[in-house]
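Participant: Have a look at this prediction, sequence included:
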Amino acid sequence: MYTLNFDTAEFISKNWQQKPIVIKNAFKAFEDPISADELAGLAMEEDISSRIVKTEADGWNVIQGPFEDYDEHGDDKWQLLVQAVNHWYPESQPLVEAFRFLPDWRFDDLMVSFATPQGGIGPHIDNYDVFLIQGEGERRWKVGHNGVHQCRGGDASSPLVEDFEPIIDVVLTKGDMLYIPPGYPHCGETLSLAMSYSIGFRAPSQQELLTQIADTLIDNNTGQHRFTSTEESANHGVVSQTQQQGIMDLLAQLANYPAQYQTMLGKLLSQNRFELDINPFEQAISETDVIEAVEDGANIQRIGGLKVLTLESDTQEQLYVNGEAICVAGINPEIISIIANDHALTQAQLVEWLADEKLLIVITQFINQGWFFFSE
């Protein structure tokens, strides 16, 4: 169990997406949910996103995983980073649960790093909110102001920025936490062998929204309404300000009608950036199989990292799961809310619910998709 040792409501009011903060002893008696050896094992897997960053005299060298051996990297000046550990290592989920005072749709992933002395990834800026939690060892973190910062070496393609004047300069020890909103440059340097945990939260960009809108309109053959006007400019080569705005209002119209955007939005926000550990049944099970398993005492839970979302006032009555829209019309909304909010469904709950034929079909579909699985 991981319990945050600070007032989350006050944090949201004063810091969330506003300014960075160091919270010493954010977790009391913090224990690493994963060992360095276990993390190294995950980084050997083909489906898991990992990288090693080596600190060199002229900068930082990134090596993409998977990895077969680590001895060649020596005893210092390198760091292993593994993305979406919560997708593949169930024991890490309790740490993620501690941050569910923020909504699931914002949650990106749990990245875990093992770093040797002087290991780091260089000064950089993230476009998402991040909580940096210190496990074993010590790391020194510097955070700069959120003004304009130059790309390192003038290379616009580099994620790194030039060195900055810190507004925070702190050494984190076990159980300490640093929160950094988007736009603030930061860099970490490892002082001793260290395990660190990065909890990221992300919101869609205009580019992502427009791409998803375009795909949805094309797939559904909608969005055919064209611009019309009653006045035309006498100047042949001019597009008037009124017409410019009128054309752009076509996009604004899509945002004014929930039926036009809700399914698109639900699909977008329920997607993950990283692979999930999905294992669908080779031979589909039936609703009868689900009933028998539950009657034999089985619980049902979702796989790590899976997002199950509802939209408030949804005109379509749908659940949004892993980028797909699932119709749940006619099913008790309170049950749908529980399925969206809880990672595990107990046998006691399921025994009462599975008399609902529509709900039983949905749960069976989720199991066959590999999204949910039977557990003891």
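Facilitator: Here it is on my side, so go on.
Participant: List of residues touching the host helix or strand of residue 52?
Facilitator: Assessed by DSSP states H and E, residue 52 sits inside strand 50-56. Strand 50-56 has contacts (C-beta atoms under 8 Å, 6 or more residues apart in numbering) with 42-43, 60-67, 73, 77-83, 118-122. C-beta: built from backbone N, CA, C; applies to glycine.
Participant: Give me the next element, helix or strand, following that strand.
Facilitator: Proceeding C-terminally, strand 50-56 gives way to strand 59-64 as the next helix or strand, assigned by DSSP H and E.
Participant: contacts for that next one?
Facilitator: 50-54, 120-122, 152-153, 160.
Participant: The same query, at a cut-off of 6 Å, please.
Facilitator: Contacts with strand 59-64, where a contact means C-beta atoms under 6 Å, 6 or more residues apart in numbering, come from 51-54, 122.
Participant: now swap in stretch 115-126 and tell me
Facilitator: Applying C-beta under 6 Å, 6+ apart, the contact partners of stretch 115-126 are 53, 55, 60, 76-79, 159-161, 185, 187-190, 194.
Participant: What is the nearest of the contacts of strand 59-64 to residue 359?
Facilitator: Relative to residue 359, the closest of the contacts of strand 59-64 is residue 51; by C-beta to C-beta it sits at 42.2 Å.
Participant: Give me the neighbour count for the closest one.
Facilitator: Counted with other C-beta atoms under 10 Å, the burial measure for residue 51 works out to 17 neighbours.
Participant: ok, what's across the strand from it?
Facilitator: Applying DSSP bridges to residue 51 gives these bridge partners: residue 64, residue 81.
Participant: need the helices for the stretch 251-376 of the chain, in chain order.
Facilitator: The residue ranges that make up the helices of the stretch 251-376 of the chain, judged by DSSP state H, counting those that start in this stretch, are 258-269, 287-295, 333-341, 347-353, 357-369.
Participant: Residue 44: how many residues sit nearby?
Facilitator: Applying other C-beta under 10 Å, we find 14 residues neighbouring residue 44.
Participant: Isn't it up against residue 66?
Facilitator: Yes: with contacts counted by C-beta atoms under 6 Å, residue 44 reaches residue 66, the gap being 5.2 Å.
Participant: Give the buried subset of the contacts of strand 59-64 as a ChimeraX selection command.
Facilitator: Only the buried entries of those go into this ChimeraX selection, using 16 or more other C-beta atoms under 10 Å:
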select :51,52,53,54,122
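Participant: what about the strands in the stretch 51-200 of the chain?
Facilitator: Listed in chain order, the strands of the stretch 51-200 of the chain (DSSP state E, counting those that start in this stretch) span residues 59-64, 78-82, 107-115, 129-134, 139-144, 166-172, 177-180, 186-190, 194-201.
Participant: What lies in contact with the fourth one?
Facilitator: Yep, that's strand 129-134 we're talking about. 172, 174, 176-181, 196-201.
Participant: That strand: partners in the sheet, and parallel or antiparallel?
Facilitator: Each strand paired with strand 129-134, and its direction, by DSSP bridges: strand 177-180 (antiparallel), strand 194-201 (antiparallel).
Participant: Now render the ones you listed as TSV, adding mean neighbour count.
Facilitator: Conversion of those to TSV gives the following (neighbours: other C-beta atoms under 10 Å):
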stretch	mean neighbour count
strand 177-180	23
strand 194-201	22
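Participant: Could you export those strands to JSON lines, including columns for mean pLDDT?
Facilitator: Written out in JSON lines, the entries for the strands paired with strand 129-134 read as follows (pLDDT from 0 to 100):
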{"stretch": "strand 177-180", "mean pLDDT": "98"}
{"stretch": "strand 194-201", "mean pLDDT": "98"}
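Participant: For the most centrally placed residue in the chain, report the pLDDT, please.
Facilitator: Geometric centre of the chain, nearest residue: residue 108, 0.8 Å, by C-alpha atoms, centre = their mean. Per-residue confidence for residue 108 comes out at a pLDDT of 97.
Participant: Just want to check the distance between it and residue 200.
Facilitator: From residue 108 over to residue 200 the distance is 4 Å, taken as C-beta to C-beta, to the nearest Å.
Participant: any idea how far the strand holding residue 52 is from the chain center?
Facilitator: 22 Å (C-alpha atoms, centre = their mean, to the nearest Å).
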